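Chemist: pasting the sequence and the predicted coordinates here, then a few questions.
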2 protein chains.
Amino acid sequence: MTTGDSALADNGRPKPRWKQDPEGVRSDILAVALAEFSNNGLSGARIDEIAAKTRTSKRMIYYYFGDKQRLYQKALEAAYRKVRSGEEELALDHLPPRDALRRLVEFTFDHHRRNPDFIRLVMIENIHHGDYLRHSDLIRNLNETAISRVDAIYRKGVETGEFRPGLSPVAIHWQISALSFFNVSNRATFSLLFGEELHTEDGQALLRRQVADSVLRFVQSAPL
Amino acid sequence: MTTGDSALADNGRPKPRWKQDPEGVRSDILAVALAEFSNNGLSGARIDEIAAKTRTSKRMIYYYFGDKQRLYQKALEAAYRKVRSGEEELALDHLPPRDALRRLVEFTFDHHRRNPDFIRLVMIENIHHGDYLRHSDLIRNLNETAISRVDAIYRKGVETGEFRPGLSPVAIHWQISALSFFNVSNRATFSLLFGEELHTEDGQALLRRQVADSVLRFVQSAPL
DNA sequence: TGACAAATTAACCAGACGGTACAATGAATG
DNA sequence: CATTCATTGTACCGTCTGGTTAATTTGTCA
């Protein structure tokens, strides 16, 4: 029906059947790829399926990304960038060390929960022994900030005597990451084996407090 | 060359070209499958590759296991059984609560480190949202012991006043698991982003102590 | 406006891979 | 030793899937 689907535009010239939009196409592909790889893994994801969920075609994927592995790598990088950008909001400098650390832990815990796709991609990348992250240049720079943020809080705490000296900032960060990450990554099997209780709303609130408490208790020099 | 490869045995009758060994074949397949799935994931693993690494043929895999998914499920179950069986050694009843808990944590930490294949299978199963563990009957029973072991120690500690009351044994177990699991599961990406220092021999010794300390500090009512 | 590069479409392909058909060989039973 | 069934070997198949070929359309700029 109708003029809208005609091959001729109003001016009588042949109507453009598609518009060029390289950046749009690229980011569209990347977003779909991220979701698909996150759901199915590198080998589990299907290029045809990614293409189908895109507004463009399979050919475009190869045009812009070369092959499946490079697409995966770009998706991984995009995921890291997206997540890191969401971490910048945090302003802790003005808080006393204990409050700052607690807020950092709680933020990390929440942030991981909010980004299950990212967590799953990192799991997948670990299954691949980090082979794709290793060959990614852009990523290496995003590490420093996380450590230095912990370091700043920790140093201040040691100065005020609230935190005990001799701990490693990297190890403290490791501890925070481990608990926040595991909460998302192993939800399925843990729930199956030990019940859903920790993954209800109440259970998650409990764990959030527990994780913060445990990190604080670990770092503090005095009790309470 | 020579008589050994002849089609006739010494007695002149046709030589058996193969011996029957159902259980051997089955467990052989299972062991290879476990390694392959652990390395490559469910979709990444190749039946032909598994068959090649077996002393038998692809045909046997289908004869005994039906299809790829069922093979994966059996491998997963086998992994759980193998790991759980290695946990039985532990005898903690005679120890005072703090020592018992520390030993339990250290044991769990070491045990996870010793079984990276198992960890990887669990990661993979979580990628699949636990779909295969969910439909496995034999597994459900293996959960109780882990919790009750923590529970026994914790109760005793609360009685003696060494541990503070009001904590959840499941949540304590969760905490121990999280730290021990993450140490293995995320080694690749963590090392890439934050350096190898925590995964040297010294680094692992440090983390082991840190994990035990942190759990103890979390549970204890009084400091130190 | 015309030529050239960038972007996009549509159809196609070769190999990989999960799975099967069928015959042959072993062991157990009577 | 004949029968029977579980086990194993060989060869094969259909489809899925990553990747490609080639032609067409759109934007740009001299």
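Modeler: Sure, I can see it. Numbering: from 1, shown residues only, chains lettered A, B, ... in the order given.

Chemist: how about the contacts made by the residue nearest to the spatial centre of chain A?
Modeler: The residue lying closest to the centre of chain A (Cα atoms, centre = their mean) is A:F118, at 3.3 Å. The neighbourhood of A:F118, defined by Cβ atoms under 8 Å, 6 or more residues apart in numbering or on different chains, consists of A:38, A:79-80, A:82-83. Just so you know, the C-beta spots here come from the backbone N, C-alpha and C atoms, and that holds for glycine as well.

Chemist: Throw these into TSV and include neighbour count and secondary structure, thanks.
Modeler: Below are the contacts of A:F118 laid out as TSV (neighbours: other Cβ atoms under 10 Å in any protein chain shown; DSSP: H, G, I helix; E, B strand; the rest coil):
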residue	neighbour count	secondary structure
A:S38	22	helix
A:A79	22	helix
A:Y80	21	helix
A:K82	14	helix
A:V83	19	helix
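
Chemist: so the residue nearest to the centre of chain A is in which element?
Modeler: helix A:116-127 (DSSP states H and E).

Chemist: in that helix, what counts as buried?
Modeler: Across helix A:116-127, burial judged by 16 or more other Cβ atoms under 10 Å in any protein chain shown covers A:117-127.

Chemist: ok, A:A205 to A:Q175 distance?
Modeler: A:A205 sits at a distance of 20 Å from A:Q175 (criterion: Cβ to Cβ, to the nearest Å).

Chemist: the two: who's more crowded?
Modeler: A:Q175 (26 against 10; other Cβ atoms under 10 Å in any protein chain shown).

Chemist: could you say which helix or strand holds the more buried one?
Modeler: Per DSSP H and E: helix A:169-185 holds A:Q175.

Chemist: where in chain A is pLDDT low?
Modeler: A:1-18, A:222-224 (pLDDT under 70).

Chemist: mind giving me the domain ranges of it?
Modeler: Following automatic domain parsing, chain A resolves into domains at A:18-78, A:86-219.

Chemist: look at the longest one and report the distance between its end residues.
Modeler: Spelled out, it's domain A:86-219. From its first residue to its last, domain A:86-219 covers 26 Å (Cα to Cα, to the nearest Å).

Chemist: is it in proximity to DNA strand D?
Modeler: No: contact of domain A:86-219 with DNA strand D is not found when judged by Cβ under 7 Å from any atom of the strand; the minimum separation is 13.8 Å.

Chemist: what separates that domain from the chain centre, distance-wise?
Modeler: Counting by Cα atoms, centre = their mean, to the nearest Å, domain A:86-219 is centred 12 Å from the centre of its parent chain.

Chemist: before we move on, what about the shortest one?
Modeler: The offset between the C-alpha centroid of domain A:18-78 and the centroid of the whole chain comes to 18 Å, using Cα atoms, centre = their mean.

Chemist: quick one: the helices in chain A?
Modeler: Under the criterion DSSP state H, chain A contains helices at A:22-44, A:47-53, A:58-65, A:68-85, A:97-114, A:116-127, A:131-134, A:144-160, A:169-185, A:187-194, A:201-219.

Chemist: buried residues of the second one, list them for me.
Modeler: For helix A:47-53, a neighbour-count test (16+ other Cβ under 10 Å) marks A:47, A:50-51 as buried.

Chemist: so which elements touch that helix?
Modeler: Judged by 3 or more Cβ pairs under 8 Å, 6 or more residues apart in numbering or on different chains; DSSP states H and E, helix A:47-53 is in contact with helix A:22-44, helix A:58-65, helix A:68-85.

Chemist: need these in JSON lines with distance to B:F181, can you?
Modeler: Listed next are the helices and strands packed on helix A:47-53 as JSON lines, based on distance: least, Cβ to Cβ, whole Å:
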{"stretch": "helix A:22-44", "distance to B:F181": "19"}
{"stretch": "helix A:58-65", "distance to B:F181": "33"}
{"stretch": "helix A:68-85", "distance to B:F181": "21"}
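
Chemist: out of these, nearest to A:E196?
Modeler: Evaluated over these, closeness to A:E196 peaks at helix A:22-44, with 21.6 Å, by Cβ to Cβ.

Chemist: interface residues of chain A facing DNA strand C?
Modeler: A:18-22, A:25, A:56-60, A:63.
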